[in-house]
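Engineer: Pasting the sequence and the predicted coordinates here, then a few questions.
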Amino acid sequence: MYTRYIPPTGRDSNPSNSESAISSQPPQIAPNSQPTTYARYVPPAKSDQSITPHVLPTQHVRFDDDEEVNREEPPAKKIKLAQDEAVIEVSNQEKPKRPKKKKREPAHLDRPAYDSADDGPVEQMEPQIENQEGTANGSEDIEMQEVPSDPSLQSRGSPLPTEHAPLEETAQRKDRKKKKKKSKNDKEPSVEIEDSIPIHHKAILEKKAKSLQRIEAESPDVAMDDVAATVDEATRQKTPEIELHGLEPIPQPKPLVLDTTTPSYETLPPWLASPIRISQDASASFTDFGITPDLGITPGIADRLASKGYNRAFAIQTGVIPLLLPNHCKLMQGDVLVSAATGSGKTLAYSLPIIRDISQSSRYTTRLRALIVVPTRELVKQVQQVCEDCAGVFALDGAKRRPRLGMAMGSQSFEHEQISLIERVEIYDPRAYQQRMKRLAHVKGLDHDSDGDEDSGYNTEDEERDAIRKREDRLQTLPDHAIAYKSKVDILICTPGRLVEHIKFTPGFSLDFVRWLVVDEADKLLGQNFQQWLSVVIPRLQSHVRTGARNHKQSNLSGVRKVILSATMTRDLDQLEGLKLRRPRLIVLEGPKAQGEARDGASQVEHALPELLEEVALKVGDPNLKPLFLIDLLRSNYILRQAGAININASDDDETSSSGSDSEMDSDSEADAPSTGSKNLASPLKKLPKAQGMPAVLIFAKSNETTLRLSRLLALLAPTLEPFIGTLTSTTPYTTRRDTLRSLNTGKLRIIVASDLVARGIDMPSLDHVINYDMPSSIASYVHRVGRTARAGNAGKAWTFFTNPEARWFWNEVASEKVIRRSKPVERVRVTEEKEDAFSDKVSAYEAALEKLGQEAGQSRRKG
Ligand SMILES: Nc1ncnc2c1ncn2[C@@H]1O[C@H](COP(=O)(O)OP(=O)(O)OP(=O)(O)O)[C@@H](O)[C@H]1O
């Protein structure tokens, strides 16, 4: 008989029962005894000592109290062990046999300390044993009573200590096993069990041992080597070896896991990913800009602008001008990139603030302070005209300086241009004269003695400047005089090629004072990088040879501000990288909203067309007959037959039979053409048009040669139109080009046949129609070509001929809303079959014209 540990009353679900059990068998716990971590019966010292409930307390089973347990062991482990014991309990109930006592003895059961809540393994084991003997019903209160000494138990080898001798024996056996366990690894318990446990219990006990091992291995608190070993063993036992018989599975690639997550980061830099968007409806007075009136456009200047036709700022100007005006906020002083539709007023948007800035400079010193780079001579001239307007406006404003403008575009000889840009003077400077003599002597010395070690006196870092200086040093001057150079212009408007030539070959041409760089039609200039102009220009703009030379007078900024513009602005960071932008900001003029579309979100479409531009596409069945289609279109009531555009006194109307009618529909249909509505070509023109009241038409052909041929062919096929036809190609002399554009604007010429030379930037305010006789080579080219009309808020119409092979690209790319933002879809005009048949009547005239064209070409070749 022995005494059981009674859990604290707080934990017991039936405190009264527990208390009664304690009062009948009060456990005597030695206060100073070492707390054991293992619940175990301790046999008395002498075997003959009578065992009574009142004597036994000194020898009875000793349990730790809660506090001690809590101090020594983490609770997590105890809970796990309690669960294990529950497993054991179930097993024992199934097989209530003698070896149950032994199950408490494996080494891993020695380690944990038990708290009262768990009751420990002993308490859980006891009821099962008592149930076996029929002395208890398994309930907690009965369990706490003395266990009756039952000889039958002893006879069956029960480990229950009912008398001294068996108790002693049991204790000794336990001690022996305990020692064994300490010296053995975790596998031993099952071996030990094998010795004394019937074979049918082995499986259960092994299972228990394994589960304990597994739990201990899983427990982060257990870091003992033996547990790790046990885990390995358990794992080995868990995964039985499979006989493969050479049928091992073929190694398979890892299944591909597709990453469907949307990146939370932007691949573009923030300034490019989230540009400043300007609504097309925006408008403002010029006096609204500037942080203070004197740092902006004063009312006086605004009045003068109005007198030049600039009454209010256009939408893109409301975004760009304030950013380029003086500002003390660093964030407002970075480089500016502008993407805005053709004809939206980008030229004034940059020229006005730049000229305003330069007009604040000293009236007596001229320095090259701004470079405006554009791709063609025509554009140089056009930008110069806008800048002249602005310069005049500021010059009139009291003491302000009138900025001087220069052009470099190759329209005149290089020497002439040099003289127009740089002034050469001789100044008295003995020191400079001596240095120059020294350099010359050194170079002469090198001619005789090739020892090149000595410093030549030329700065070899800039080869172009070295070469220029060498040439200049050879020039004769007065004694003790040196040559000095002065810029004659404040602003240089130039093509990139000519700019590079001046940098390399014009003495005194320096970019040291430049504080503005404008790159108009940037995508073209960056994409083609004429003469590697960027790598020549940008390093010279980054150097700070003279302190303060690049200071912006009215703001705390030093360095070159760059303004980069295009209607088809590139987002290619590789291209933009060459510009070495500082704190860039992108301003985008929003495109027109499509019909029925609410303008709520920002459009992601890259290009936009002017709001009042109408686009029409026209299929050409037989490409060989394209010139006839063109003449037919020109004479249709869409163009020359517009109200007031017909001269009754026609003379070549016999060539234009009225074979078609407005109601006739074409039978051809394209699967890929959107249902954008269709019209028929009107009857051809019967009367000769006269210039007055005739709409202006610009016809684009794909090359210089095609342009020249088409222009002549038109004149041959429709002689009455000849006086109104002009031609523009890159081979056309500059003066002829200039005169041709001027004639179009004055109304003298009505039809210009041109190559892509004038596709970009050229402002033709009176242009009503653009005809893409040949398909443009790119979407950007289409945007620029059709953008020659419908400018500055005016209406305009663009026609595009497409052949069968071109149809898919045109409708899928050019006419797609996803690529180009437009207010209306592209309309389709069908040519009736009758009309196409009627063209066959004209084929003979066409062939005759072609023959004549061939003869003329032969004559000009012989002349040339
Ligand atoms: N504020 C204004 N008020 C009236 N007209 C203006 C204003 N600003 C610009 N314009 C006119 O608008 C027309 C188009 O301007 P500009 O040539 O600068 O367009 P753009 O945006 O540079 O076009 P592109 O991309 O084709 O070069 C010009 O005739 C110009 O005189």
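Structural biologist: Here it is on my side, so go on.
Engineer: Three-state assignment for the closest residue to residue 284 other than its chain neighbours, please.
Structural biologist: Excluding its sequence neighbours, the residue lying closest to residue 284 (C-beta to C-beta, 6 or more residues apart in numbering) is residue 318, at 4.5 Å. To be clear about C-beta, it is placed using only N, CA and C from the backbone, and glycine gets the same treatment. Look at residue 318: counting by DSSP: H, G, I helix; E, B strand; the rest coil, its state is helix.
Engineer: ok, residue 318 - contacts?
Structural biologist: Residue 318 makes contact with 278, 282, 283, 284, 288, 289, according to C-beta atoms under 8 Å, 6 or more residues apart in numbering.
Engineer: Run a quick neighbour tally on the closest residue to the first one other than its chain neighbours.
Structural biologist: Take residue 278 and drop its neighbours on the chain: the residue closest to it by C-beta to C-beta, 6+ apart is residue 319, 4.1 Å away. Each residue near residue 319 was counted by other C-beta atoms under 10 Å, and the total is 25.
Engineer: do the same with residue 859
Structural biologist: Neighbour number of residue 859 under other C-beta under 10 Å is 10.
Engineer: I'd assumed residue 285 was in contact with residue 302.
Structural biologist: Yes - the pair residue 302 / residue 285 is scored as a contact, 6.6 Å apart, by C-beta atoms under 8 Å.
Engineer: And those two? Which one has more around it.
Structural biologist: With neighbours defined as other C-beta under 10 Å, residue 302 and residue 285 compare such that residue 302 has more, 20 against 14.
Engineer: which SS class is that one?
Structural biologist: helix.
Engineer: gap between it and residue 794?
Structural biologist: Separation of residue 302 from residue 794 (C-beta to C-beta, to the nearest Å): 23 Å.
Engineer: List, one by one, the residues from the stretch 251-400 of the chain near the ligand.
Structural biologist: Contact residues, the stretch 251-400 of the chain versus the ligand (C-beta under 6 Å from any ligand atom): 309-311, 313-314, 317, 340, 342-348.
Engineer: JSON lines for those, including secondary structure, pLDDT and neighbour count?
Structural biologist: Formatted as JSON lines, these follow (DSSP: H, G, I helix; E, B strand; the rest coil; pLDDT from 0 to 100; neighbours: other C-beta atoms under 10 Å):
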{"residue": "309", "secondary structure": "coil", "pLDDT": "93", "neighbour count": "9"}
{"residue": "310", "secondary structure": "coil", "pLDDT": "95", "neighbour count": "20"}
{"residue": "311", "secondary structure": "coil", "pLDDT": "95", "neighbour count": "12"}
{"residue": "313", "secondary structure": "strand", "pLDDT": "97", "neighbour count": "27"}
{"residue": "314", "secondary structure": "coil", "pLDDT": "97", "neighbour count": "25"}
{"residue": "317", "secondary structure": "helix", "pLDDT": "97", "neighbour count": "28"}
{"residue": "340", "secondary structure": "coil", "pLDDT": "96", "neighbour count": "27"}
{"residue": "342", "secondary structure": "coil", "pLDDT": "96", "neighbour count": "27"}
{"residue": "343", "secondary structure": "coil", "pLDDT": "95", "neighbour count": "26"}
{"residue": "344", "secondary structure": "coil", "pLDDT": "96", "neighbour count": "24"}
{"residue": "345", "secondary structure": "coil", "pLDDT": "96", "neighbour count": "21"}
{"residue": "346", "secondary structure": "helix", "pLDDT": "97", "neighbour count": "26"}
{"residue": "347", "secondary structure": "helix", "pLDDT": "97", "neighbour count": "23"}
{"residue": "348", "secondary structure": "helix", "pLDDT": "97", "neighbour count": "22"}
